[in-house]
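A.B. asks: Below is the sequence, then the predicted model.
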Amino acid sequence: MFEKTNSHEMRLEYQALWVFFCAVIYFYAFKVNSFLFDWLEFSNGVSWIFIPSGLRLVFVLVLHQAGAIGIVLASCLINYTQGQPDAHLFNIVTGLLSGLSPFLARVIAIDFFKFNTNLDGLTVHTLFKTSMLFAVISGILHQLWFFWAGLTETFVTNTFVMVVGDCAGTILVMVSASFLFKTYQKLFIH
């Protein structure tokens, strides 16, 4: 009985480390994206290129709930530090949407695209469809929330730009990850 408890605790500690890792990487990716692509911002919270969106999808595809929780925590922190610190409902709901969007896309991809949960047999075509699905879900959910909160007047235009930005960011992250993985294989796995 004692060993099962320790094993379970280690598992929770391991998951907590992944949550922390995702939160830190996502937080700093947001900062890097702001530094590199601030000039491409279309409106508040909407950019033509948004690299952190690719991390959202990767973290949730690989780490499932731990990735989503890390994204939610980092997103809330970003909203509190760069937005209005007293807008608690807005900051928390926006953070939840940031983690929920890729998780929802993953669930839909598993059901409709027959996406394998452990990523075996992943094809470029399936990954592209999942990326597009995620970008659409994220753009629509965020813009519905922003519209309801009175932060956007042009729902359709902002949604379109957010979808394009999320898709562009996701493609950049996926191509970079693929390149790094292939380089790692060539260097370390003969």
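C.D. replies: Sure thing, it's come through. Worth saying up front: this structure is predicted, and the values here are computed from it rather than measured.
A.B. asks: just checking, what packs against the host helix or strand of L61?
C.D. replies: According to DSSP states H and E, L61 maps onto helix 51-63. With contacts defined as 3 or more C-beta pairs under 8 Å, 6 or more residues apart in numbering; DSSP states H and E, the packing partners of helix 51-63 are helix 2-37, helix 65-82, helix 88-112, helix 124-148, helix 155-188. (C-beta placed from N, C-alpha, C; glycine too.)
A.B. asks: Same list (these) but as a markdown table, adding distance to G54, mean pLDDT and mean neighbour count.
C.D. replies: Output for the helices and strands packed on helix 51-63, formatted as a markdown table (distance: least, C-beta to C-beta, whole Å; pLDDT from 0 to 100; neighbours: other C-beta atoms under 10 Å):
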| stretch | distance to G54 | mean pLDDT | mean neighbour count |
| --- | --- | --- | --- |
| helix 2-37 | 9 | 81 | 14 |
| helix 65-82 | 12 | 96 | 21 |
| helix 88-112 | 10 | 94 | 19 |
| helix 124-148 | 8 | 92 | 19 |
| helix 155-188 | 3 | 89 | 16 |
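A.B. asks: so can I have TSV of the ones you listed showing distance to I49?
C.D. replies: What follows is the helices and strands packed on helix 51-63, written out as TSV (distance: least, C-beta to C-beta, whole Å):
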stretch	distance to I49
helix 2-37	5
helix 65-82	17
helix 88-112	17
helix 124-148	12
helix 155-188	5
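A.B. asks: nearest to G45, of these?
C.D. replies: Between G45 and the helices and strands packed on helix 51-63, the tightest spacing by C-beta to C-beta is seen for helix 124-148, at 6.5 Å.
A.B. asks: Now do that closest one: distance to the chain's middle.
C.D. replies: Its chain's C-alpha centre and that of helix 124-148 lie 10 Å apart, by C-alpha atoms, centre = their mean, to the nearest Å.
A.B. asks: For it, which outside residues touch it?
C.D. replies: Residues outside helix 124-148 that contact it (C-beta atoms under 8 Å, 6 or more residues apart in numbering) are 45-46, 53, 56-57, 61, 93-94, 97-98, 100-102, 104-106, 108-109, 113, 115, 152, 155, 158-160, 162-164, 166-167, 170-171, 174.
A.B. asks: if we go to 7 Å?
C.D. replies: Residues from elsewhere that reach helix 124-148 (C-beta atoms under 7 Å, 6 or more residues apart in numbering): 45, 53, 57, 93-94, 97, 101-102, 104-105, 108-109, 113, 115, 152, 155, 158-159, 162-163, 166-167, 170-171, 174.
A.B. asks: which residue is nearest the middle of this protein?
C.D. replies: By C-alpha atoms, centre = their mean, the chain has its centre lying nearest to R56, at 1.5 Å.
A.B. asks: Mind pulling up the pLDDT for that residue?
C.D. replies: As predicted, R56 sits at a pLDDT of 94.
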